[in-house]
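A.B. asks: here is a sequence with its predicted model. Questions after.
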Amino acid sequence: MKVILSWSSGKDSAWSLWHLRQDPSIEVVGLLTTVSQHQDRVAMHGVRREILQAQAQCVGLPLDELVIPDPCPNGQYEVLMGDYIARKKAEGVQAIAFGDLYLEEIRQYREAKMAGSGLELLFPLWGLNTFDLAKSMISGGLKARLTCVDSQRLAADWVGQSFDSNLLANLPESVDPCGENGEFHTVVCDGPMFQAPLRLEELGRYTRGQFAYADFSLA
């Protein structure tokens, strides 16, 4: 089965790639990322395009960048995504995979919008205990940094920190260990899915509304 993976630049999509590659019946043939036209960064995560493109090289897959306006009305996003899915299906892609963990409304939205597309939807990490999953990522060699924090859910000074055992031990109980409720987002720089690590340098920090960002570049 030829699969496109929705790639956020963060840990969940990276770990999804690792899981998918363990299945001999699946061939991941490319990555899909939404990029903010105004910010020229990965939507939500705030990751620079140069890092996104370097990640794709490190995992050895072609990258499709779906450029969206900021803000992007939901209807416009659905049109752009629908056109993209139709092109991929014509190229022989049979499924699209997402790194969602347990939010039912997100999965139901994806399934509703993809109904009739002719593509199967895969959720390789779905339903896994997020604390155990986070520990597995760390023990499995995944390296990531917190690139975005929702300051209404987690103190802004957490941004920039490494996603590691020390972070897990000190996260407030109200925060999901994988940030599945939007508490934080990450940027991956190494792991078993990478052919070579990326070296990231933090240039500074900035805020957009309630979100705090660490501005990383390639070192």
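C.D. replies: Yep, that arrived. Since the structure is predicted, the reported quantities are computational estimates derived from the model, not experimental observations.
A.B. asks: burial count for Pro177?
C.D. replies: When neighbours are defined as other Cβ atoms under 10 Å, Pro177 has 18 of them. (C-beta placed from N, C-alpha, C; glycine too.)
A.B. asks: can you give me every residue that contacts it?
C.D. replies: 130-131, 133-134, 168, 171 (Cβ atoms under 8 Å, 6 or more residues apart in numbering).
A.B. asks: and which of the residues you listed is nearest to Glu27?
C.D. replies: Nearest to Glu27 among these, counting by Cβ to Cβ, is Leu133 at 24.0 Å.
A.B. asks: how is the closest one assigned, secondary-structure-wise?
C.D. replies: helix (DSSP: H, G, I helix; E, B strand; the rest coil).
A.B. asks: what about the closest residue to it other than its chain neighbours, which helix or strand?
C.D. replies: Distances taken as Cβ to Cβ, 6 or more residues apart in numbering put Cys178 closest to Leu133, at 6.0 Å, once the chain neighbours are dropped. Under DSSP states H and E, no helix or strand contains Cys178.
A.B. asks: can you check the one 10 residues further on too?
C.D. replies: Assigned by DSSP H and E, Val188 falls within strand 184-190.
A.B. asks: mind giving me the packing neighbours of that strand?
C.D. replies: In terms of contacts (3 or more Cβ pairs under 8 Å, 6 or more residues apart in numbering; DSSP states H and E), strand 184-190 is packed against helix 11-20, strand 143-150.
A.B. asks: rebuild those as CSV, extending it with mean pLDDT and mean neighbour count.
C.D. replies: Below are the helices and strands packed on strand 184-190 laid out as CSV (pLDDT from 0 to 100; neighbours: other Cβ atoms under 10 Å):
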stretch, mean pLDDT, mean neighbour count
helix 11-20, 98, 24
strand 143-150, 98, 24
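A.B. asks: got those as a markdown table, with distance to Ala115 columns?
C.D. replies: Shown next, in a markdown table, are the helices and strands packed on strand 184-190 (distance: least, Cβ to Cβ, whole Å):
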| stretch | distance to Ala115 |
| --- | --- |
| helix 11-20 | 22 |
| strand 143-150 | 31 |
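A.B. asks: Lys2 is nearest to which of these?
C.D. replies: Across the helices and strands packed on strand 184-190, closest to Lys2 is helix 11-20 (Cβ to Cβ), at 11.4 Å.
A.B. asks: so what angle separates the directions of the following helix or strand past the closest one and helix 11-20?
C.D. replies: Moving toward the C-terminus from helix 11-20, the next helix or strand (DSSP H and E) is strand 27-36. Between strand 27-36 and helix 11-20, the angle comes out at 170 degrees (axes from the mean of the first three to the mean of the last three Cα atoms, to 10 degrees).
A.B. asks: next one: strand 27-36 to chain centre, how far?
C.D. replies: 10 Å (Cα atoms, centre = their mean, to the nearest Å).
A.B. asks: which helices and strands does it pack with?
C.D. replies: Against strand 27-36 (3+ Cβ pairs under 8 Å, 6+ apart) you get strand 2-6, strand 41-42, helix 49-59, strand 63-68.
A.B. asks: tell me the buried residues in the lowest-mean-pLDDT helix or strand in the chain?
C.D. replies: Within the chain, judged by mean pLDDT, DSSP states H and E, the helix or strand with the poorest mean is helix 74-90; its value is a mean of 91. The neighbour-count check on helix 74-90 (16 or more other Cβ atoms under 10 Å) flags 77, 80-81, 84-85, 88 as buried.
A.B. asks: using PDB, write out every CA atom in that helix.
C.D. replies: Extracted C-alpha coordinates of helix 74-90, given in PDB (Å, rounded to 0.1, in the frame of the first residue of the first chain):
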ATOM      1  CA  ASN A  74     -11.900  26.100   6.800                       C
ATOM      2  CA  GLY A  75     -13.700  26.000   3.400                       C
ATOM      3  CA  GLN A  76     -10.600  27.100   1.600                       C
ATOM      4  CA  TYR A  77      -8.400  24.600   3.400                       C
ATOM      5  CA  GLU A  78     -10.800  21.800   2.400                       C
ATOM      6  CA  VAL A  79     -10.700  22.800  -1.300                       C
ATOM      7  CA  LEU A  80      -6.900  22.900  -1.300                       C
ATOM      8  CA  MET A  81      -6.700  19.500   0.500                       C
ATOM      9  CA  GLY A  82      -9.300  18.000  -1.800                       C
ATOM     10  CA  ASP A  83      -7.400  19.000  -4.900                       C
ATOM     11  CA  TYR A  84      -4.200  17.600  -3.400                       C
ATOM     12  CA  ILE A  85      -5.800  14.300  -2.500                       C
ATOM     13  CA  ALA A  86      -7.200  13.900  -6.000                       C
ATOM     14  CA  ARG A  87      -3.700  14.500  -7.500                       C
ATOM     15  CA  LYS A  88      -2.200  11.900  -5.200                       C
ATOM     16  CA  LYS A  89      -4.800   9.300  -5.900                       C
ATOM     17  CA  ALA A  90      -4.200   9.800  -9.600                       C
END
